[in-house]
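Chemist: Kindly generate the corresponding structure for this input.
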Amino acid sequence: MTGNTLNPQISEEAAGWLVEFRTGELEPAQLQQFDAWVRTSPEHLRAYLEMAAIWNEGDGLDAGQQLSSARLLVAIQSEENVVPIAAGVRTPPARRRSEDGPGTRRRYLAAAAVGGVLIAVGLVATLTLGRAPAYATDAGEQRTLALADGSVVTLNSRSRIRVRMSAHQREIDLLEGQALFKVAKDPDRPFIVGSDRTYVRAVGTQFDVYRKDSGIVVTVIEGKVVVSGAASEVKDAPERAENASSPGAKATGGTPLVAGEQVTVTDAGPGSAVLAELPVVTAWTQRQLIFQSTTLAEVAEEFNRYSTRKLLVEERAATPLRLSGVFSIDPQFMIGYLRSRPHVSVIERGDQVRIVHDDG
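Modeler: Numbering: from 1, shown residues only. From the prediction side, this is the model:
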């Protein structure tokens, strides 16, 4: 994030919280969630204050009706004939319009104009919160969030989650991308991450979930989790995560994993647990990628998550090119590296980068 421009996602979240406060009394759990959100980053506080200023500031209407939304908002707040946005903007009865003076008519015009602003804010809140705050990152962006329960979520590039907290359960939907979860221990409120048809249950642990085209990859960094292809299996059996003791053990209704293990879940369900290279799995948190004899196509697929231009691979050689090493997540670094490799051509055209490997 550079300059004074706010992340659009943060602005939307701020708008959603403002509407939450304006439209009703928040429950204690929601207040804790807001407290955690606003403390996550100075940008969150700035976005909320700017949104509140738009709602509250201004000093009345001008005769020429050249009105900013900020001035309109404050002008109508004290008007008794303006109803909440949920009920719509009230229009004066026809029989009274002739009795209303210019000032009153102007106030109705202001109310109607402000209605559009409030509806827009309300739609933002509905789409981004829906009573369940959503968070996202753009290409090349990473973001760390402190949740109301004390858990911490780190989002990788092009990732999106939705958070739902209740008195009995903590639920996170990984809608896109990859996230690292560091879960605050709370035995009375299981922490469940869902992504497509994959569900991970934890109590107090740290694990990575990566939503790929080929399947959902779950890696446990610390502690224990249970992975399943059905939500009911992880929600109804809290003891399985605590009782998982042997690496790779298979339990009815879910696959228990311990630190250092990884499983990939496909349409057929969870596969067998394997030992994971944890530095490779978590390298992205250091803005690095580690490849170990990885095909060029797989490398391009990974870098496409960080690039605004799509990397396309044409493998023409009898022996596919494989890469090993530690690389910066900056796509330009990889493009420059590939240019230096023998038998590799890099053609950059608009929003695409074509990489051709042949036998020379």
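
Chemist: can you map out the helices along the protein?
Modeler: Ranges of helices within the chain are 8-23, 28-40, 42-56, 69-77, 94-97, 102-128, 231-235, 239-243, 278-281, 296-303, 331-339, based on DSSP state H.

Chemist: Quick check: buried residues in the last one?
Modeler: Buried residues in helix 331-339, counted by 16 or more other CB atoms under 10 Å: 331, 334, 335, 338. From N, CA and C alone the C-beta is placed, and that goes for glycine too.

Chemist: Tell me the one of those residues nearest residue 174?
Modeler: Lowest distance from residue 174 to those (CB to CB) belongs to residue 331, with 23.2 Å.

Chemist: Does the closest one touch residue 310 like I think?
Modeler: No - assessed by CB atoms under 8 Å, residue 331 is found out of contact with residue 310, at 10.0 Å.

Chemist: between the two, what contacts are shared?
Modeler: Common neighbours of residue 331 and residue 310 (criterion: CB atoms under 8 Å, 6 or more residues apart in numbering): residue 353.

Chemist: Convert stretch 207-217 to CSV, retaining C-alpha atoms only.
Modeler: The C-alpha coordinates for stretch 207-217 follow below in CSV (Å, rounded to 0.1, in the frame of the first residue of the first chain):
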residue,chain,number,x,y,z
PHE,A,207,-1.6,-24.8,10.1
ASP,A,208,-1.5,-23.8,6.5
VAL,A,209,-4.4,-24.3,4.0
TYR,A,210,-3.7,-23.9,0.3
ARG,A,211,-6.6,-24.0,-2.2
LYS,A,212,-5.2,-25.2,-5.5
ASP,A,213,-6.9,-26.4,-8.7
SER,A,214,-5.7,-29.9,-8.0
GLY,A,215,-7.0,-30.0,-4.4
ILE,A,216,-6.9,-28.5,-1.0
VAL,A,217,-3.5,-28.9,0.7
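
Chemist: Please report the confidence value the model assigns to the residue nearest to residue 167 when sequence neighbours are not counted.
Modeler: Leaving aside its sequence neighbours, residue 167 sits nearest to residue 29 (CB to CB, 6 or more residues apart in numbering; 6.7 Å). For residue 29, the pLDDT comes out at 78.

Chemist: And for residue 35?
Modeler: pLDDT recorded at residue 35 is 79.

Chemist: Counting neighbours, what do you get for it?
Modeler: Neighbour count of residue 35, defined by other CB atoms under 10 Å: 12.

Chemist: Ok, residue 301 next?
Modeler: 16.

Chemist: what do you get for residue 8?
Modeler: Neighbour count for residue 8, taken as other CB under 10 Å: 11.

Chemist: Over to the one 10 residues further on?
Modeler: For residue 18, the count of nearby residues is 20 (other CB under 10 Å).

Chemist: wait, doesn't it sit right on residue 49?
Modeler: No - in this structure, residue 18 is not within contact of residue 49 by CB under 8 Å, at 10.1 Å.

Chemist: Can you give me every residue that contacts residue 183?
Modeler: Residue 183 makes contacts with 151, 191, 202, 203, 204, 205, 206, 207, 223, as judged by CB under 8 Å, 6+ apart.

Chemist: Domain map for this structure?
Modeler: Domain assignment for the chain, taken from automatic domain parsing, gives 8-128, 134-276, 287-357.

Chemist: Tell me the pLDDT of the closest residue to residue 323 other than its chain neighbours.
Modeler: Nearest residue to residue 323 in three dimensions, chain neighbours excluded: residue 291, at 4.9 Å (CB to CB, 6+ apart). Residue 291 carries a pLDDT value of 95.

Chemist: ok, now residue 83?
Modeler: Residue-level pLDDT assigned to residue 83 equals 39.

Chemist: cool, the one 3 residues further on as well?
Modeler: Among the per-residue scores, residue 86 holds a pLDDT of 37.
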